[in-house]
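Student: Pasting the sequence and the predicted model now:
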4 protein chains.
Amino acid sequence: MIVVIKPNTKEENLEKVLKKIQELGFETRVLKGVLRTVIACIGDERGKPQLQQAVEAFDCVESVVPILKPYKLASLETKGERSVIDIGMGVKIGGKDLIVIAGPCSVENEKQIVETAQAVKDAGAKAFRGGAYKPRTSPYSFQGMGEKGLKLLAKGREAVGLPIVTEVMDAGDIPIIADHADVIQVGARNVQNFALLKHLGKVKKPILLKRGMMTTIDEWLMSAEYILAGGNSNIILCERGIRTFETATRNTLDISAVPVLKEKTHLPVIVDPSHGTGFWQYVAPMAFAAIAAGADGLIIEVHQKPETAMSDGAQSLKPQKFAELMKQLRIIAKAVNRIV
Amino acid sequence: MIVVIKPNTKEENLEKVLKKIQELGFETRVLKGVLRTVIACIGDERGKPQLQQAVEAFDCVESVVPILKPYKLASLETKGERSVIDIGMGVKIGGKDLIVIAGPCSVENEKQIVETAQAVKDAGAKAFRGGAYKPRTSPYSFQGMGEKGLKLLAKGREAVGLPIVTEVMDAGDIPIIADHADVIQVGARNVQNFALLKHLGKVKKPILLKRGMMTTIDEWLMSAEYILAGGNSNIILCERGIRTFETATRNTLDISAVPVLKEKTHLPVIVDPSHGTGFWQYVAPMAFAAIAAGADGLIIEVHQKPETAMSDGAQSLKPQKFAELMKQLRIIAKAVNRIV
Amino acid sequence: MIVVIKPNTKEENLEKVLKKIQELGFETRVLKGVLRTVIACIGDERGKPQLQQAVEAFDCVESVVPILKPYKLASLETKGERSVIDIGMGVKIGGKDLIVIAGPCSVENEKQIVETAQAVKDAGAKAFRGGAYKPRTSPYSFQGMGEKGLKLLAKGREAVGLPIVTEVMDAGDIPIIADHADVIQVGARNVQNFALLKHLGKVKKPILLKRGMMTTIDEWLMSAEYILAGGNSNIILCERGIRTFETATRNTLDISAVPVLKEKTHLPVIVDPSHGTGFWQYVAPMAFAAIAAGADGLIIEVHQKPETAMSDGAQSLKPQKFAELMKQLRIIAKAVNRIV
Amino acid sequence: MIVVIKPNTKEENLEKVLKKIQELGFETRVLKGVLRTVIACIGDERGKPQLQQAVEAFDCVESVVPILKPYKLASLETKGERSVIDIGMGVKIGGKDLIVIAGPCSVENEKQIVETAQAVKDAGAKAFRGGAYKPRTSPYSFQGMGEKGLKLLAKGREAVGLPIVTEVMDAGDIPIIADHADVIQVGARNVQNFALLKHLGKVKKPILLKRGMMTTIDEWLMSAEYILAGGNSNIILCERGIRTFETATRNTLDISAVPVLKEKTHLPVIVDPSHGTGFWQYVAPMAFAAIAAGADGLIIEVHQKPETAMSDGAQSLKPQKFAELMKQLRIIAKAVNRIV
C-alpha cells in the first residue's frame, strides 16, 4: 500500500502514521519526493482492510493507494488454476462444455414447469431455472409461489433429469431451497446482502452469484470472498447487466466483465442476456457475444406464452426461438473451441 | 397507461391486446395516428403492475407508457398531507424542527458511546446513531459487535436521553434490535432486500430507509411502499448519495432528491452527508446544502478519534468540528425558517 | 405524443394547451381517465421538437411522452433498407463483408506508417487508421502532427493501397482532411459538437461517427441526423464504450448497442474494442463479441512498439497479436455467416 | 508516480522500465514487497503525461498510480490564493459578492431581451445571459439567431447596464462573440472540444466553462488547464449537473463539486440549477443549496412566458418567481456570510 502525505506535514504527525502502520504488522519505507512524501507499506495487505481504513483517517494523509486487490480466496493468482463447479446430475461449469441454464422467470404451475423443462432440455439446455421466491420492485406484483413452487421445480427435475437453479431471498428459506434445488441463486439486489452471503458460506450447494446492477467487479469478487471465506467454494459468477444512463436496454450488459474476470479469478463466469437486455429480440445476439468473449455458459428466460407470464414476459423467449438460438450457438461455440 | 402498437400490426393481434387489458379491469380507447396506433387504458393503474407486464410481452406492442407513478400509499397526492414521524423521547421528524442524528459509524465500547452521545447532544443532536451490525464490503473487516453493541447503545440512550438509530442487516435480528433501538435503519445495500422490507412492515418501530446507490427515486418509494403496504407507516427517507462515474467523492450526494421527494411523497426526508461524500471536510458544506434545499434533518458520523475508528474514519467528524457545524447550521436553518 | 395534465387543472388552462398543439399542426384527442386527463396529439411528431418543448412548459402539464423516435432520416423504418457505405478503393461497409480498420493511435513518422499499414493489410485489415489531430485530456500531451501527419497517411495509402480513416477536431481542418483521407472520423468528445456536424453535412466524404461516452443511442442517432439533414448520407456508426461506474476497463463497451442499432437505423455499425476496454489483453475477446452480436466491422489500434507510442500504448496490439486476432476472427465471422 | 510490476517479471524487463523512467527525467526507487515490486518515480509529474503513458504500455507493468493531480495552472496549491474574475461593468466573481447571472435560454427578439434584462436586474441579477448560438440535440430545433442575436444582446446590455454572457459553439464565431459579449460561455457538450479550448486560450474575454455531463472534476480542470496554458487565466467554472441513471431530474446536480473544487482550484465556481434539474419548481431549492455549499454565484434561466420559449421552457422561471427566489437568496447568502 502507498500512503501519500499532505504537503507541509510536521515530522511528528508523519511519525504517528508510521507507528500505526507498523503496529498493524507492516514494514514502512519513507520516500521524499519533490512535492510529496509517500510511505510504502511492505507486507501482504489482502484481507487486512483495517490498514487502509486506519491510515486514511489521519488528517495529514492525502490519499491511500492499495497495490493488491482486496480478495484473496477468489483470486486466480492465489489459486493458480481455474475452478470447475459440479452442479449435480453430471453437469459441470467451467470446463470445455458451455452450460446453458434455461427456464421461466417464475414457477407458475406443474404443466408449465414440466413442459418447459422438457423443451429446453430438447434444445440443449443442461440445467433448468425457475423462480419460487421473486424479488419484485412492487409489493403488488406476484411474489412467487414459495415452497409450493420449489416442489414443482423438484417435479420438473425428476421428470426431465435436469439440475435446478432457483433464487433465495430470505436466509430463513435456505434450508428448504437447499433441499429442493441443485444451485442456489443470489439475485442482483442481494449481491451485497452480507448477512445472506454469510449464511450461504455454510451451505454445501453451489451458489450462482449474480452481479449487482451497481457493483464493481472488485466488489462483486469481495461478495464471492464472503462465501468462500465461510467455507463454500462452489461459486458461479453471473454477469447480468449494470445500470447506466442508457435506457434502450433494461440494463447495459457488461460483456467485458468476462475477460476481466477470467484474468482476475478462478471462478467460472456465465452471462444472463435476458435480464441484461430486457427485450427478447436482443437475447440471441448478446448470448452469442458472451460466448465469443469467453463465457462459460448462459442463463436464459424461456416461457411458453410470454404474454401470460407472471413476470418478465417481455424478455422471455418462446421455446421455438430458444431452440433456434441453441442451434446457432452450437456453431459459434465450435468457433471458439467450446462445446454446447 | 398508454400502449403503443407496432406499425403493420394485424387487427386480430390488436384485438388480443385489447382483450387482455379489458380482462385486467381497464377500459380501452384506440387512437389511430398517422404512423402509430395507440391504446389508452382508462383506470387506476397504481398497484396493478401486472397490466404493464402482460401488455409489454405481446409481440405487436412497441412500448408501454405508464401515466401514474406506481406507488400509492407513499404518494403525497393520495395522502394529501405531510407525515410527521415520532421517533420517541419527544423527537419528531417532518415538522418545523430539523432533526440531526449523530454518532459513530460503529459501536466500539461503552466509554465511546456514552461520551460521544453526550458530546453530540451538547452540540444539538436530537438522536444518536451507532452501528452494531455492520455491512462491510470485505469479510475481513470488523463486522460489528452485534447484540453486545445494542446493549451499549441502550446504555448511551439511558445515560444521555437521546433516541437510538441503528441498522438491521438480517431479518432474524429484528426482534432484538426493536427491543433496544428507537429507529431501525435499512442500509443502502438492503433498500431492495424485499424479504427484509416485508418483515419491517410488521414492526411497530419507525424505519429509516436509506436510498440505495443504484436506486431511482421511484424505486426507492416502491421500497417504502413495501413497508407501508405491510402496515408500518412510520418511515423516514434518507438520501445518502448515488453511484456515478465521479470518484472525487465516495458517492454523489443527490441533493435534488430532496425537492423531488417533497413533491412526490408525504414522508419526511433527511440527508447523510458523511456517506454522501466520504470525506469529513465536505460534510459541513453538504449538510448546509441539504437544509437549504428543504431536508427535514441530517444524519452525521462523529467519532472522538477517527484514526482509531473501526470503520469510516475518513468521513467522521471530531466532536469539536461537529459542534462548529451545528453552530453554523442554526443560522442557515433560521434563514429557511426551520429550527435546529 | 401524449400529454398528461395535472389533476385539478381548470378547463380554460386545458384549452390553452389544446390550442397550442393545434396551432403547431396536430390534431388532439382528450381522454379523461380516473385520475388524470391526457391529450393524444395526432400527427407525425418526428422533426418537430418544438411540439414537446412548447407543451411541457405549461404549468398544468405533468409530463409529455413522445410516441415516435425523434430521428427520421436515420430511421430504418423510414428508409426501409440497410445502407452500405462505400469508403473508396473498393471497400464497402454494411454488407456481408466485415471490415476491419486498423492502425496506430497517432501518426508518428513515415516508417511507422508504411510498415504498420503493410502489417495490418497482410493480416486482413481493409482500411488504415491513424490520428494526425489528437484529442487529449491534457494540454501537455502530444497533440498530433497535424498536416504533416495527413501527408504521411497519404503516403501509407499509396504504399499499401488501403483507404485512410482519420479524425477531425476543428471545422477549419475539414478541407485539408477531406483532401487526404477517405473517411473522416468524429471522435467521442465531438459527437454533440453540432457546429462540426453541420459542417460535415456538406462534405462528400463518408463520416465515421463515434458514440460519445455520455451519449444515449437516441442522441447519437440525432447527431447522425444532423449530418444526414445537411446532405451527407454516408455515415458509419462506431460504438466505443460508454462511461459507467466500473473502472476495471477504461469504458464499458456497450455491445448491446449493436442489435439495438440494427433495429432502429439503416446505418452500418462497427465497434472499437481498443478504446472500449483500454487494455490490449481485452481487445480480442471484445472484438469477437462484437462480431458475434452482428457488428459490420471493427476499428483496432495497432502499434509496432506500444511502449514508445505517442498515445494509447496500453490498449494497442502489436502486429503479431493483431494477426492472431484476425485469424481467429475469420473463424467466428464464418460462424455468423460473414466474411473477413 | 508509483509503478506496480507484475509478479514473476524478469530483471531485464524491470530494467527497461527503469531506463525509460530515467530517460524521461525522473529518479527511481525500487521497492521489493512480499507479493509485488513497485517503482517510485521521484520528480514533478504534473504536465508530463507522457511518463504514465509510456510506462503503462510495458507488458510487465500491472498498474500505474499518479501521486499528483495532472493540472498545474488550475491548482490552488500552485497558485496559493483564490482568483477573482472581473467580467466588466464593475462585476467580479469569486469575492464576497455572490453573482447571479440570469436571462432567457435563447435570444428571441428585442422586446424580450430588454424587458427580461430589466426584470432580472431589478430582482438583483448582476449579469445577463442569453443564447445566440444554441446547441440542440435535434437539427430540427431552433438553432439560435446567430449574429442578429448577439446584436440584440448588446442592445440589452446598453439598455440596462448588465454585462452579457453568451455561448460559443464554433471557433469561427469567437471574434464576433468577443466583440459583443463580456463573458464567453463554453457549453457542457464542448467542455472537451479541445480545438475550441485552444482558441479560447488566446482570447482576452473571461470564459464561463461549464462541466460536461460526463466529465469528472479532474478532467474538467484539465479543460480549464487548456485555456490557462493558452494564456487566458480568466475562467469561471460552472457546475450544471452530470448524467446519472436517475431520470426524475434532467441531470443530477452535483453540489458536492463545489466544496471539492474549492479545495483543488483557485478558480471561482458557480452553479446552474436550471439545466441541473430541468424543472422550474426545483430551481429555487437547488439555488439555495448551491449557495449554502459555498458557490460563488448562480446562472438561472428566466423567461417571460415559458410556454412560448424557443427552448428550455420547462426549466425557465417567470420573472416574478425569479424575484421571489432572489429575495429568499439574500437571506441565505447572509447566513453564509456572503452578499447578493
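Tutor: Perfect, I can see it now.
Student: and A:Ile174, how many neighbours?
Tutor: Per other C-beta atoms under 10 Å in any protein chain shown, the neighbour tally for A:Ile174 reads 17. No exception for glycine: its C-beta is placed from N, CA and C like everyone else's.
Student: State the helix or strand in which it lies.
Tutor: A:Ile174 belongs to helix A:174-180 when assigned by DSSP states H and E.
Student: Off-centre distance for that helix?
Tutor: Centroid separation between helix A:174-180 and its chain, computed with C-alpha atoms, centre = their mean, to the nearest Å, is 20 Å.
Student: Can you list the buried residues in that helix?
Tutor: Using 16 or more other C-beta atoms under 10 Å in any protein chain shown as the test for burial, helix A:174-180 gives A:Ile174, A:Ile177, A:His180.
Student: Please convert these to TSV, extending it with pLDDT and distance to D:Met222.
Tutor: Shown next, in TSV, are the buried residues of helix A:174-180 (pLDDT from 0 to 100; distance: C-beta to C-beta, whole Å):
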residue	pLDDT	distance to D:Met222
A:Ile174	97	50
A:Ile177	98	52
A:His180	97	57
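Student: and of the residues you listed, the nearest to chain B?
Tutor: Among the buried residues of helix A:174-180, A:Ile174 lies closest to chain B (C-beta to the nearest C-beta), at 11.5 Å.
Student: From A:Glu23, how far out is that closest one?
Tutor: Applying C-beta to C-beta, to the nearest Å, the value for A:Ile174 to A:Glu23 is 39 Å.
Student: Check A:Pro70 too.
Tutor: A:Pro70 sits 20 Å away from A:Glu23, going by C-beta to C-beta.
Student: Backbone torsions only: list them for whatever residue of the stretch 1-150 of chain A ends up closest to chain C.
Tutor: Nearest to chain C, among the residues of the stretch 1-150 of chain A, is A:Lys69, at 10.3 Å (C-beta to the nearest C-beta). Dihedral pair for A:Lys69: phi -70, psi 150, per degrees, to the nearest 10.
Student: What residues sit buried inside the helix or strand hosting A:Val260?
Tutor: Following DSSP H and E, one finds A:Val260 within helix A:257-264. Within helix A:257-264, the residues scored as buried using 16+ other C-beta under 10 Å are A:Ala257, A:Val258, A:Pro259, A:Val260, A:Leu261, A:Lys262, A:Lys264.
Student: Please apply the same query to stretch A:46-61.
Tutor: Buried residues in stretch A:46-61 (16+ other C-beta under 10 Å): A:46-49, A:51-58, A:60-61.
Student: Enumerate every residue touching A:Gln185.
Tutor: Residues near A:Gln185 by C-beta atoms under 8 Å, 6 or more residues apart in numbering or on different chains: A:Arg129, A:Val165, A:Thr166, A:Glu167, A:Val168, A:Ile207, A:Leu208, A:Lys210, A:Cys238.
Student: Now do stretch A:46-55: everything it contacts.
Tutor: Residues contacting stretch A:46-55 (C-beta under 8 Å, 6+ apart): A:1, A:3, A:17, A:20-21, A:24-26, A:41, A:45, A:61, A:64, A:66, A:68-72, A:75, B:136-138, B:140-142, B:307-309, B:311-314.
Student: Narrow those to just the buried residues.
Tutor: Buried among the contacts of stretch A:46-55 (16+ other C-beta under 10 Å): A:1, A:3, A:17, A:20-21, A:26, A:41, A:45, A:61, A:64, A:68-72, A:75, B:136-138, B:140-142, B:307, B:309, B:311-314.
Student: Relative to chain B, how far out is A:Ala323?
Tutor: Using C-beta to the nearest C-beta, to the nearest Å, A:Ala323 is found at 17 Å from chain B.
Student: make that A:Pro306, sorry
Tutor: Per C-beta to the nearest C-beta, A:Pro306 is found 4 Å from chain B.
Student: Is it correct that that residue is in contact with A:Gly313?
Tutor: Yes - using C-beta atoms under 8 Å, A:Pro306 makes contact with A:Gly313 at a distance of 4.0 Å.
Student: Find the residues that touch each one of these two.
Tutor: Common contacts of A:Pro306 and A:Gly313, defined by C-beta under 8 Å, 6+ apart, comprise B:Ala57.
Student: Please state the offset of the helix or strand of chain A with the lowest mean pLDDT from the chain centre?
Tutor: Ranking every helix and strand in chain A by mean pLDDT, DSSP states H and E puts helix A:49-56 at the bottom, with a mean of 89. Taking C-alpha atoms, centre = their mean, one finds helix A:49-56 lying 27 Å from the centre of the chain it belongs to.
Student: Using PDB, write down the CA coordinates of it.
Tutor: Extracted C-alpha coordinates of helix A:49-56, given in PDB (Å, rounded to 0.1, in the frame of the first residue of the first chain):
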ATOM      1  CA  PRO A  49      -8.800  -3.700   5.200                       C
ATOM      2  CA  GLN A  50      -8.100  -2.200   8.600                       C
ATOM      3  CA  LEU A  51      -4.700  -0.900   7.300                       C
ATOM      4  CA  GLN A  52      -6.200   1.400   4.700                       C
ATOM      5  CA  GLN A  53      -9.000   2.400   6.900                       C
ATOM      6  CA  ALA A  54      -6.900   3.400   9.800                       C
ATOM      7  CA  VAL A  55      -4.400   5.300   7.700                       C
ATOM      8  CA  GLU A  56      -6.800   7.300   5.600                       C
END
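Student: Can you list the neighbours in contact with stretch A:69-84?
Tutor: Here stretch A:69-84 makes contact (C-beta under 8 Å, 6+ apart) with A:46-47, A:49, A:92-95, A:218, A:221-222, A:224-225, A:228-229, A:233, A:235, A:263-268, B:137-138, D:7.
Student: Which members of those residues are positioned in helices?
Tutor: A:Pro49, A:Asp218, A:Leu221, A:Met222, A:Ala224, A:Glu225, A:Leu228, A:Ala229, A:Glu263, A:Lys264 (DSSP state H).
Student: which among the residues you listed end up buried?
Tutor: A:Pro49, A:Asp218, A:Leu221, A:Met222, A:Ala224, A:Glu225, A:Leu228, A:Ala229, A:Lys264.
Student: my read is A:Glu149 is in a helix, agree?
Tutor: No, residue A:149 isn't Glu; it's Gly. Yes - secondary structure of A:Gly149 (DSSP: H, G, I helix; E, B strand; the rest coil): part of a helix.
Student: Pull the most distant pair out of the buried ones among the ones in helices among the contacts of stretch A:69-84.
Tutor: Between any two of those, the greatest separation by C-beta to C-beta is 18.0 Å, found for A:Pro49 and A:Lys264.
Student: For A:Ala323, list the residues it contacts.
Tutor: Counting by C-beta under 8 Å, 6+ apart, A:Ala323 makes contact with A:Ala119, A:Asp122, A:Ala123.
Student: Need the three-state assignment for the closest residue in space to A:Val3 that isn't next to it in sequence.
Tutor: The shortest distance from A:Val3 to any non-neighbouring residue, by C-beta to C-beta, 6 or more residues apart in numbering or on different chains, is to A:Ile39 (4.2 Å). When classified by three-state DSSP, A:Ile39 comes out as strand.
Student: Quick one: residues contacting A:Ile39.
Tutor: A:Ile2, A:Val3, A:Ile5, A:Leu14, A:Val17, A:Leu18, A:Ile21, A:Thr28, A:Arg29, A:Val30, A:Leu31.
Student: Noted, bye for now.
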